[in-house]
Every structure is written in structure tokens, then in C-alpha cells.
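Peer 1: please work out how this folds:
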Amino acid sequence: MKKLSVLLMLILLVSGTFAHPLQSEKGNKILINHLGYYPEGPKKAVISTQEGDQVADKFTVKNYETKEEVLTGKINKSGGVKEWKNWVFWTIDFSEVKKENKYYIEAKVNGNKLLSHPFKVKSNLLARYTLSDVIYYFKSERAVGQFKKADSKVPFEDNPEKTADCHGGWMDATGDYGKHLSHLNSATYFNPQQISLVPWSLFNVYEELDKRELDRYTQYKERLLDEAFHGADYMVRIHPEGSSFYQHVSAPGDEKKPEDRVVSKLNNQFTQESGQSQDIDKDKFPEDAKYCSSFRSGAGLSIASLARASTFEISGKFENEKYLKVAQDVFAHLQKYNEYYTNNGKENIIDDYTALLAAVELYKATEKDQYKNAATKRAQNLIDRLESDENYKNYWAANDKDRPFFHAADAGMVVVSLMHYIEIADDKMEKKVSSAVKKSMQHELKITSEVTNPFGYARQYVQNIDGERYSSFFIPHDTETQGWWQGENARLSSLVSAAKLTARYFKDDKEFCNKLERYINNQLNWILGLNPFDTCMLNGTGRNNPEYLFYSSWEYTNCPGGISNGITAGLNNQDDIDFHLTYAETGEDNDWRWAEQWLPHSAWYIYAISITY
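Peer 2: A predicted model of the protein is given here:
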């Protein structure tokens, strides 16, 4: 038996199982992107230690197979981040390693050898190793089977005798079987684009891959269109004549039974009994209006998706003409009545950027000046929202004054919408837009680098419910969202998208573009494992994928290809940082804040990687 054990250990040693002492007894680690890095892109690793640990000055990058040394460089101390546990961080830059191969990093902490996990340096890295999984994730989230049957004749919340055909679409999250264009309507400045974002993103990804003209993407493109048209078909079904789009098919109850699903009311002016709603002549609108969306609560991106769908030679269940007609009808309706579909009777920055994308896509589909003019008006609205106060210059204002715009999912969509508009803008507007975009992204770079930030995590200018403003890594827990706060992986990918589109436009400004490329890589690195918790948020990829346990139950298991919500400010101390605290640890329903998967994370991620390298 003893000889067998020794033999087994030798076999494991030769196979590499024990070849990498990955961490010390104190838990020190070399943190990397779990997948790897692009040959020509920036490359960073972070050593995580604790106070008092001694880290050697030099690191070495070695070929994983041959153990040959390929680069030696200096380790730089960043130090601790304000109240982030007791961690002390050190950074490694190995951007000079450009040859495609498999590598690992070696350093010394307290005199002991510390090695990273192996990683790849490879072209088309994220598209090759993650794109297919994310497409499968969307397919796995389709509302099918008994849910499709129930949704084909789903009753209305306050009128169960009336039903609508709302089958199709995708379930919102691992633990939410509802289908939502957007939620958080009562919170005014925080509407995320949910189902409405997915087909628009997928159509964009298709066209990005199509530009590359590589045979290896042929089947991916087929699957992307299948999924995108699945979403476009859903948008057509949830459009009642004379109004916008139904916003919610809710899945109430602990058991989330198909027979309990309803079209639920939206918190908008049609459901208000006081204030500005008294000025509404509700007889002018169909009864369905109280279930329907404003530009900011999902209609804008739904219009954009349908307009884009109409431009393809193929279609889904409906004809291309139908996609375009619904998009045009809803846009014309909301151009007149959008404020009535909001919760407070006032448009804000989210209406502007979602309506801008809708108008841009309609113009591209029709070449009608009315849509270009509408897009120009919305683009000017956004330019006028570039604001400054005593703390910061050139941030986006959410309202008509100077309230900072910050968002857990779509922070980059202002710039994304403007960069899509710039493709159709005249010379005068192009100059105005490009100036505003550059100022905005310079603000993003500056606020991100103003404090110790070894991971380069995108910081933000926030405001809590008491009106206090400050810069922060994470959104506050005390905003108008009334307790809705979670990890911000969608926000990171939306900012990657904004930064990459900006870098494409300003490609001749090398210094600016280099800063943007580092910013881009830092956000993707964070999602894919280069974070303090050494966790890859993309399920089925990398290591330490978070497991979603809904009240300690595993019945809402995360799907491969889906991205979890992510890391947040500390549960009990917002200057701290927390991740994946379970119900067993907290005794409260907080698991979803970190571990649950949500459509916008994957929708933004797949778009971001399609335009990155």
C-alpha cells in the first residue's frame, strides 16, 4: 500500500498536479485572468498578500510546458484598498509577452515560491473560448414547455378574464422566471434594459463577426440570428395596438408555477391617482397602457431591436415588414406620449439614450429624415447633460440639473448610443458628439485612477438617497432603488463597450487609446477571475464559479455561459468589499446579490467581446 501511494504521488507529480504550489499557508495568491490574454493587449496580474508579508522585487513568466523563462520584471506595490479586508496588493505588468503559448508566473513571498495558475496568450481568446457558451446560455433561458403554454394565454393582473399571447422571450434571471423589459420603474433613474437589450446586442454581435469574414464564425452567426429573432418575435407579440409593449410577465409565488403567471402593471402615470396623472385624459389611451413601457422602461431598446431585425434577408416567425411596422408605430406613439408611461411624468437621461438608439436603428432601416432628426434631438439632449460640479468635471447628469448618472447595469450606454449615432450624424453634430464622448471617457479614466486601485476597477460618481455625492467602487446600498443593489458585471461590460467604440473612433490618439485599452482589459479581467476573490463570473469557465443557492437550495443552479451578478460593497460596511455570502452565513435573502445570473450581464458581455480585438 505504501509503495502504491508513493507511485501515485510520482504519477501526479509528473502529470503536473503538484507542480504548482499555488498559494501559501496564509492564502497569498497570484491573481490572473483565468482564460488568459491577447497577444498585443495589456497583460496584468495582481499578487494578493497580507500586512507584514515580504514580497521579492522580481517576477518571472515561464513557458508552462518547458519551464523556460521568457520574461523577468519588477513587482510594484499598490498597497491596501480602503477597508478591503486586510489585503495588500502588488501588481505585475507582463505586456511584453506576446508570443501565443501557455504560461505561468513565478514570484516569491516570505522567501517561498508562489506560482500562478497557467494561462494562455492567444488571438481571438474570448470569442474562441466563451462566445459559444454565452449563446447557449440565452437558449437555456428561453421560456419553454409549460411556461410557453401558459404565456400563450396569460391573464392580466387586475383583469384575469382578459388574456394576451406573450409566449417567447427569456426568463430574467436564475431565480426569476418572470420576463421583464425593464424593472425599477419607481426608482426613476435606474431602469436597466433587460429582455429588450438582448436581441439588439445579438444583432450587433452578428454584424461584428460578419465584418471579420472568418469561416470559423459561420455557425456562431447562425445561432446568434436564431436567438435574436426569437427575441424580436417576442417584442411583436407583447405589443398591443395603440400603445407600447407589455413590460412584465411576472412569475409570482415561491413555486413559480406556470399557471400563476400574469401580465403585471407598470408603475407609470396611468396607474397613479395623484399628481401629474390628474392631467391625463386616460380615455385617449387603451386600457393596456397601464401595463406598457416608456422609452426608458424597455420600449426604446425593443424598438431598436425590431428595426434592426427588419433589415435582414431572413426573419423569424413574423415577416420583416411586421417588425418594422411595430417599431415605427410604437416610436410614433411614444414621441407624443412617452411621459405618461414614466413613473413621474418626466423624461430623463435613460429616455434619451434608449430613444436615441431606437431612432438611429429606424433611420438605418428606412433612411427617413424624421428618424435622423429625432436622433439628432436626443443626441443633443445627451450632450447638454454633460455636467460639472465642485467635485468632478464632465460626468453625465441623470436629470435636468446636475444629479450624477450612475447605473448598475447600463453605465456605458450613454456613450454607446452616441457612438452609434455618430455613424449617421452630419459634420457639425459629429464634432459635438466626439467632443462630448472624449470628455466623458476622460472623466471615467480619471475617477478610476484617483485612489489606490490595483485591479483598475471602474469607479463611479454616485449619490445616495440623502443627496450625498461621492466617488465609489460600487453603487450605494441606500438609493431610490429601495434595497435593490447587486454585483455590477453588466455595468463593467457596458463600459468596456463604450471604451472600445471610443477607442475605434479616436484611433489616431495613441495615448488616449492606450489608456482606454488598459481600462477595457481591467474590466474584462475582473469578470474573468482577476479580482480579489479569484472567481470567474462566467459559469463553466475558469475557476471558483459562484454557485447560486436560493435560501440554501440548489434548484436554481446557474447555467454554463451565464454571468453572475458579481462583487459588491461590503454587506455591513460600504467601504469594504463582499462576495458570495450565503443564506447560511447571513440568515437573509442576499445570495442573489452576488451569485445569481441575470440577462444583462451576458448581453453586455457578448457585445463587448465582439468589438474587443
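Peer 1: every contact and neighbour count from this point should use C-alpha atoms.
Peer 2: OK.
Peer 1: pull the longest helix from the chain.
Peer 2: If you go by DSSP state H, the chain has its longest helix at helix 427-448.
Peer 1: host element of the residue nearest the centre of the chain?
Peer 2: Of all residues in the chain, the one closest to the mean position by C-alpha atoms, centre = their mean is residue 490, 1.7 Å from it. Counting by DSSP states H and E, the element that carries residue 490 is helix 489-505.
Peer 1: pull the CA atoms of that helix into CSV?
Peer 2: Output of helix 489-505 as CSV, limited to C-alpha atoms (Å, rounded to 0.1, in the frame of the first residue of the first chain):
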residue,chain,number,x,y,z
ASN,A,489,-20.8,42.9,-14.1
ALA,A,490,-23.2,44.3,-16.7
ARG,A,491,-22.0,47.8,-15.8
LEU,A,492,-18.4,46.7,-16.4
SER,A,493,-19.1,45.2,-19.8
SER,A,494,-21.2,48.2,-20.9
LEU,A,495,-18.3,50.4,-20.0
VAL,A,496,-16.0,48.1,-22.0
SER,A,497,-18.3,48.6,-25.0
ALA,A,498,-18.3,52.4,-24.5
ALA,A,499,-14.5,52.5,-24.2
LYS,A,500,-13.9,50.2,-27.2
LEU,A,501,-16.2,52.2,-29.5
THR,A,502,-14.5,55.4,-28.4
ALA,A,503,-11.0,53.9,-29.0
ARG,A,504,-12.1,52.9,-32.5
TYR,A,505,-13.1,56.4,-33.3
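Peer 1: number of nearby residues for residue 550?
Peer 2: Neighbour count of residue 550, defined by other C-alpha atoms under 10 Å: 20.
Peer 1: give me the residues contacting the host helix or strand of residue 370.
Peer 2: Using DSSP H and E, residue 370 sits in helix 369-384. For helix 369-384, the surrounding residues in contact (C-alpha atoms under 8 Å, 6 or more residues apart in numbering) are 349, 352-353, 355-357, 359-360, 362-363, 414, 418, 421, 424-425, 429, 432-433, 436.
Peer 1: for the residue nearest to the centre of the chain, what are its contacts?
Peer 2: Listed by C-alpha under 8 Å, 6+ apart, the contact partners of residue 490 are 408-410, 565, 600-605.
Peer 1: tell me the pLDDT at it?
Peer 2: Residue 490 carries a pLDDT value of 98.
Peer 1: which non-adjacent residue is nearest it?
Peer 2: Spatial nearest neighbour of residue 490, excluding adjacent residues (C-alpha to C-alpha, 6 or more residues apart in numbering): residue 601 at 4.0 Å.
Peer 1: ok so the one you found is a helix residue?
Peer 2: Yes. Applying DSSP: H, G, I helix; E, B strand; the rest coil, one finds residue 601 inside a helix.
Peer 1: wait, what's in contact with it?
Peer 2: Counting by C-alpha under 8 Å, 6+ apart, residue 601 touches 409, 489-491, 493, 562-565.
Peer 1: which one of the residues you listed is nearest residue 152?
Peer 2: Within those, distances to residue 152 taken as C-alpha to C-alpha reach their minimum at residue 562, with 26.3 Å.
Peer 1: and the closest one, how close does it get to residue 181?
Peer 2: According to C-alpha to C-alpha, to the nearest Å, residue 562 and residue 181 sit 18 Å apart.
Peer 1: likewise for residue 573?
Peer 2: 32 Å.
Peer 1: who's more crowded, the two?
Peer 2: residue 181 (29 against 12).
Peer 1: who are the packing partners of the helix or strand hosting residue 350?
Peer 2: For residue 350, the host element (DSSP H and E) is helix 349-366. For helix 349-366, the elements it packs on are helix 300-309, helix 320-337, helix 369-384, helix 413-421, judged by 3 or more C-alpha pairs under 8 Å, 6 or more residues apart in numbering; DSSP states H and E.
Peer 1: if we can go back for a sec, flag every buried residue along the helix holding residue 490.
Peer 2: By neighbour count with 16 or more other C-alpha atoms under 10 Å, helix 489-505 contains the buried residues 489-503.
Peer 1: same check, this time on stretch 207-222
Peer 2: Residues of stretch 207-222 classed as buried: 208-209, 217, 220-221 (neighbour count, 16+ other C-alpha under 10 Å).
Peer 1: and the residues you listed, which two are the farthest apart?
Peer 2: Using C-alpha to C-alpha, the pair of these lying farthest apart is 208 and 220, separated by 11.8 Å.
Peer 1: centre of the chain to the helix holding residue 370, how far?
Peer 2: Relative to its chain's centre, helix 369-384 lies at 25 Å (C-alpha atoms, centre = their mean, to the nearest Å).
Peer 1: and that helix, which residues are buried?
Peer 2: Residues of helix 369-384 classed as buried by neighbour count (16+ other C-alpha under 10 Å): 371-372, 374-376, 378-383.
Peer 1: what number of residues lie near the residue nearest to residue 198 when sequence neighbours are not counted?
Peer 2: Using C-alpha to C-alpha, 6+ apart and skipping the chain neighbours, the partner closest in space to residue 198 is residue 603 (5.4 Å). Residue 603 is flanked by 28 other residues according to other C-alpha under 10 Å.
Peer 1: which pLDDT value goes with residue 603?
Peer 2: For residue 603, pLDDT reads 98.
Peer 1: and if you look at residue 1?
Peer 2: Looking at residue 1, its pLDDT is 42.
Peer 1: repeat for the one 4 residues further on
Peer 2: Turning to residue 5, the model gives it a pLDDT of 45.
Peer 1: can you start the count at 3 instead of 1 from here on
Peer 2: Noted, 3 is the first residue going forward, which turns the last one into residue 7.
Peer 1: my guess is residue 300 meets residue 249, correct?
Peer 2: Yes. Between residue 300 and residue 249 there is a contact under C-alpha atoms under 8 Å: 7.1 Å.
Peer 1: okay, the two: which has more neighbours?
Peer 2: Remark: of residue 300 and residue 249, residue 300 carries more neighbours, 30 against 27, as counted by other C-alpha under 10 Å.
Peer 1: distance check, that one against residue 247.
Peer 2: Relative to residue 247, and taking C-alpha to C-alpha, residue 300 is found at 8 Å.
Peer 1: same check, this time on residue 260
Peer 2: Residue 260 sits 21 Å away from residue 247, going by C-alpha to C-alpha.
Peer 1: same thing with residue 226?
Peer 2: Using C-alpha to C-alpha, residue 226 is found at 23 Å from residue 247.
Peer 1: repeat for residue 289
Peer 2: 13 Å.
Peer 1: show me where pLDDT drops low in the stretch 103-252 of the chain?
Peer 2: Regions of the stretch 103-252 of the chain meeting the criterion pLDDT under 70 are absent.
Peer 1: that older thread, can you tell me which of the contacts of helix 371-386 are buried?
Peer 2: 351, 354-355, 357-359, 361-362, 364-365, 416, 420, 423, 426-427, 431, 435, 438.
Peer 1: distance from the longest helix of the chain to the middle of the chain?
Peer 2: 21 Å.
Peer 1: on contacts alone, who are the packing partners of it?
Peer 2: Packed next to helix 429-450, using 3+ C-alpha pairs under 8 Å, 6+ apart, are helix 371-386, strand 397-398, helix 415-423, strand 462-465, helix 491-507, helix 512-529.
Peer 1: touching the last one from outside, list them.
Peer 2: The contact list for helix 512-529, computed with C-alpha under 8 Å, 6+ apart, reads 34-35, 43-44, 447, 457-460, 491, 494-495, 497-498, 501-502, 505, 508-509, 533, 538-540, 568.
Peer 1: outline the domain layout of this structure.
Peer 2: What the record gives for the chain is the domain set 24-123, 127-612, from automatic domain parsing.
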